[in-house]
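1. Below are the sequence and a predicted model for it; my questions follow.
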Amino acid sequence: MRFGRNMLFDPEKTIIRLFEVSKHYGETDALVDITFDVRRNEFFFISGPSGAGKSTLMKLLYLGEPMSSGYAIVDGMNLTRIKKKQIPLLRRRLGIIFQDYRLIPGKSVFDNVALVLEAAGVASRREIRDRVMEVLEKVGMADRPDVCPPTLSGGEQQRIAVARAMVGRPSIILADEPTASLDPESAETIFDLLVAAHDEGATIVITTHDRYLLSKGCTGIVYLKNGRCIHSDGVDR
């Protein structure tokens, strides 16, 4: 069980820890006392119905929003103590996939992906080119680096979003409902790409209410309802 476990923290094994994390918007409780661990190289699901708080929880992990109470450690960084100037450092350790893609429409596929490396301070144009083309090859978009996102299908745009998340070689990939707006074939492709990233060593955290994705297996899962953890599965290692 992931609740009531020994709370000793081992950074070699645990890459994300949330302890009694809550998020309030005025008098509205979006999340209440969320507690769980994600181990390194887990393929981890956060599930529950629409409005359960899944996307809010994901935002807390990359400091898209601050917690109201509790504490969280993400890849060694205590989010309750992090300074504003350190937030970019946190996000460089993460690959983030949004369900609405968040691509820049006026920039090419190549440039959308390259921005991650440029923001991380990679100076070599050759290295940027090589790494971007390598990841575009992995997602099956190496033949379209010069097109702009609005000319692509939803499935193709999400493949670019996955490429952008992978190119920085992050230790954690956060995917918020990554298949929600896709047809079954495209959803299968995106899931397979996340499995491949996991096989290469990344910890994968996915929010979803898609029963088909949940049936494909994982190494850990928490279920949310009305902003609370109602159930947790996983091996207590």
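-> Perfect, I can see it now. Numbering: from 1, shown residues only.
2. show me where the protein has strands.
-> According to DSSP state E, the chain carries its strands in the segments 14-25, 28-39, 43-47, 69-74, 77-78, 94-97, 172-176, 203-208, 220-225, 228-234.
3. Show me which positions of the fourth one end up buried.
-> So that's strand 69-74. By neighbour count on 16 or more other CB atoms under 10 Å, the buried set for strand 69-74 is 70, 72-74. Every C-beta, even on glycine, is put in place using the N, C-alpha and C of the backbone.
4. Report the angle between that strand and strand 28-39.
-> Here strand 69-74 runs at an angle of 30 degrees relative to strand 28-39 (axes from the mean of the first three to the mean of the last three CA atoms, to 10 degrees).
5. so what does strand 69-74 touch, helix or strand wise?
-> Using 3 or more CB pairs under 8 Å, 6 or more residues apart in numbering; DSSP states H and E as the contact test, the elements touching strand 69-74 are strand 14-25, strand 28-39, helix 54-61.
6. roughly how far apart are I128 and A197?
-> 20 Å (CB to CB, to the nearest Å).
7. Comparing the two, which residue is more hemmed in?
-> Of the pair I128 and A197, A197 is the one with more neighbours under other CB atoms under 10 Å, namely 23 against 20.
8. close enough to count as contact, that one and I206?
-> No. The criterion here is CB atoms under 8 Å, and A197 misses it with I206 at 11.2 Å.
9. If we only consider the buried residues of strand 69-74, which is nearest to V139?
-> V74 (25.0 Å; CB to CB).
10. Could you find the closest non-adjacent residue to that closest one?
-> I16 (5.4 Å; CB to CB, 6 or more residues apart in numbering).
11. hang on, isn't that neighbour packed against A72?
-> Yes. The criterion here is CB under 8 Å, and I16 meets it with A72 at 7.4 Å.
12. In contact with A114, which residues?
-> Contacts for A114 (CB atoms under 8 Å, 6 or more residues apart in numbering) come out as 128, 132, 167.
13. now with 7 Å?
-> 128, 132 (CB atoms under 7 Å, 6 or more residues apart in numbering).
14. And it, how far from L136?
-> Counting by CB to CB, the gap from A114 to L136 is 10 Å.
15. Which of the strands of the chain sits closest to G154?
-> strand 94-97 (13.3 Å).
16. Between which two of the buried residues of strand 69-74 is the distance greatest?
-> The widest separation within the buried residues of strand 69-74 (CB to CB) is 13.2 Å, between G70 and V74.
17. and the lengthiest helix in the chain with strand 43-47, angle?
-> Ranked by residue count and defined by DSSP state H, the top helix of the chain is helix 184-199. If you take the same axes, to 10 degrees, helix 184-199 sits at 130 degrees to strand 43-47.
18. Next, the angle strand 203-208 makes with helix 184-199.
-> Using the same axes, to 10 degrees, helix 184-199 lies at 150 degrees relative to strand 203-208.
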